[in-house]
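Colleague: build me a structure from this.
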Amino acid sequence: MTNPLTWTTERRKLSDLVPWPRNPRQIRKDEAARLSESLDTFGQVDTIAIGPNSEVYNGHQRVNVWAAEHGDDFEVEVRVASRELSEKEREKLTVFLHRGAAGDWDFDILANEFELDELLEWGFEESDFQLDWGEDDNRDLLGVPKDAKPNPRNLPIDVIYTLQMADCTCCLAVQAGWKYGIQSAQYRLCPYVGQLSGRHKVEFIDNDYFHYDHAIHLAAVRDIRPKYTTALDVMTKEQCAQEGTSWQSLEKTLDEARELAEYAENVIVIPKYDCLDRIPAEFILGYSVPTSHGGTPLPVEAFKGRRIHLLGGSWKAQLAHMAALSDDVVSLDNNQVQKIAREFGSYVTPEGETQQMQGVGYGYLTNVRYAALAMSFGAIGSKVNELYAGSATPGE
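Modeller: This next block holds a predicted model:
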């Protein structure tokens, strides 16, 4: 580095700090609780590192914990860098600072935002990403035929693209007839909050179930009033222990779902164990298509006769579930097209087959990711319109 950094120490309000949208480091609820206890007991041992424009370089989790406990006006000690880092320097610093720290890597963000050769250079191994960057077409779909194709529908269906932070890919999705969604945890932190509801209508608000905060989620839903929102996944204590998340009862989740229903047209409750008969028909059931990250460990037949939202999985796998569930599927969200576009320069056909841009003569493009995403958005939009005309109507 030809221009080494120097640092000065200041005190800043949390509201002055700007989180990095591409930060791939995530922390589980149990680790956040331990961090909170440590901060309460020992105070601020490590300073937060920021750039001259207040963008957080190091200390995102401490900022989140303090903000939740003390509010945005809480003052903390920060170290301010003498100059802004380039994007490449910022990526390297983030990995170097956190490679051995507590918390889980969000491999979806890593896959979408970083190059594989860079991650290997920084100490990751290719095997770290095989489950997260591979396709799900070979997964066991719990009895659903993998190549099943749905028949034309009698009812429309909404297809949704969810971004943690706004970028131009939301425009590509909306132009292809998709609906636009965000995650409520990012709504509070995103520096583009005004654009989230201004550029496109936010029709779907998902939650961060690893770090679920009902007050934050409810506030985002109340402000935006989307067509769809999710409640916290319904899981057993054993499932939560395996995931490293906090458990709460079905009854509490249903109470929270009713609060969300005051501001959203549809609330999606996602059961991960057999409790479907206890979930009122006023709620949509979320079915998590089996992927390398898990999925709903229940046969799809158990969901028949209810309104269903499909989440996760490849487009091919989602088509197979639409074939099994027919008009019961009212909506779905698909972000796998983002992953395969970023890492493989790949897109999906209307029937769910995966193709590489290079294989069809477009490998020379400098914007392969965006071109591949546009191909996937258009292909899925056309298939949705084939199944029910007008379901995927291009937006503004």
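
Colleague: okay, CA-based contacts and neighbour counts for the rest of this
Modeller: Will do.

Colleague: domain map for the chain?
Modeller: 7-132, 158-387 (automatic domain parsing).

Colleague: the longest one: how far from the chain's middle?
Modeller: What that stands for is domain 158-387. 8 Å (C-alpha atoms, centre = their mean, to the nearest Å).

Colleague: can we start the residue count at 9 from this point?
Modeller: In the new numbering, first residue 9, that becomes domain 166-395.

Colleague: give the rounded mean pLDDT of that domain.
Modeller: Averaged across domain 166-395, pLDDT comes to 88.

Colleague: pull up the distance across that domain, start to finish.
Modeller: The first and last residues of domain 166-395 sit 12 Å apart, counting by C-alpha to C-alpha, to the nearest Å.

Colleague: CSV for the domains of the chain, including distance to Gly151 and mean neighbour count?
Modeller: As requested, the domains of the chain are exported to CSV (distance: least, C-alpha to C-alpha, whole Å; neighbours: other C-alpha atoms under 10 Å):
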stretch, distance to Gly151, mean neighbour count
domain 15-140, 21, 15
domain 166-395, 7, 19
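
Colleague: got those domains as TSV, with distance to Pro402 columns?
Modeller: Below are the domains of the chain laid out as TSV (distance: least, C-alpha to C-alpha, whole Å):
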stretch	distance to Pro402
domain 15-140	25
domain 166-395	4
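
Colleague: go through those domains and name the closest to Gly403.
Modeller: Judged by C-alpha to C-alpha, the one of the domains of the chain that comes nearest to Gly403 is domain 166-395, at 5.3 Å.

Colleague: Thr17 falls within a helix, correct?
Modeller: No. According to DSSP: H, G, I helix; E, B strand; the rest coil, the state of Thr17 is strand, so it is not within a helix.

Colleague: can you pull the contacts of it?
Modeller: 85-88 (C-alpha atoms under 8 Å, 6 or more residues apart in numbering).

Colleague: and with 6 Å instead?
Modeller: 86-87 (C-alpha atoms under 6 Å, 6 or more residues apart in numbering).

Colleague: bridged to it, which residues?
Modeller: Arg87 (DSSP bridges).

Colleague: pop out the phi and psi values for Leu327.
Modeller: phi -60, psi -40 (degrees, to the nearest 10).

Colleague: what does the one 4 residues further on give?
Modeller: Per-residue torsions, Ala331: phi -60, psi -40 (degrees, to the nearest 10).

Colleague: got it, and the one 5 residues further on?
Modeller: For Asp336, the backbone dihedrals are phi -70, psi -30 (criterion: degrees, to the nearest 10).

Colleague: pretty sure it sits against Arg315.
Modeller: Yes. Under the criterion of C-alpha atoms under 6 Å, Asp336 makes contact with Arg315 at 5.0 Å.

Colleague: thinking again about what came up before, what's the closest of the domains of the chain to Pro153?
Modeller: Going by C-alpha to C-alpha, the one of the domains of the chain nearest Pro153 is domain 166-395, 6.5 Å.

Colleague: list of residues touching the top helix by length along the chain?
Modeller: For the chain, the longest helix by residue count, based on DSSP state H, is helix 376-395. Residues outside helix 376-395 that contact it (C-alpha under 6 Å, 6+ apart): 160-161, 180-181, 184-185, 349-350, 353-358, 399-400.

Colleague: which ones among those lie within strands?
Modeller: Counting by DSSP state E, the contacts of helix 376-395 place 354-356 in strands.

Colleague: what's the mean pLDDT across whichever strand or helix holds Gln69?
Modeller: Element membership for Gln69 (DSSP states H and E) is helix 68-78. Averaging pLDDT along helix 68-78 gives 79.

Colleague: got the CA coordinates for it in PDB?
Modeller: Extracted C-alpha coordinates of helix 68-78, given in PDB (Å, rounded to 0.1, in the frame of the first residue of the first chain):
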ATOM      1  CA  HIS A  68     -20.700  -3.600  12.700                       C
ATOM      2  CA  GLN A  69     -22.000  -6.100  15.300                       C
ATOM      3  CA  ARG A  70     -21.000  -3.700  18.200                       C
ATOM      4  CA  VAL A  71     -22.900  -0.900  16.500                       C
ATOM      5  CA  ASN A  72     -26.000  -3.100  16.100                       C
ATOM      6  CA  VAL A  73     -25.900  -4.300  19.700                       C
ATOM      7  CA  TRP A  74     -25.400  -0.800  21.100                       C
ATOM      8  CA  ALA A  75     -28.100   0.700  18.800                       C
ATOM      9  CA  ALA A  76     -30.600  -1.900  20.000                       C
ATOM     10  CA  GLU A  77     -29.800  -1.400  23.600                       C
ATOM     11  CA  HIS A  78     -29.100   2.400  23.800                       C
END
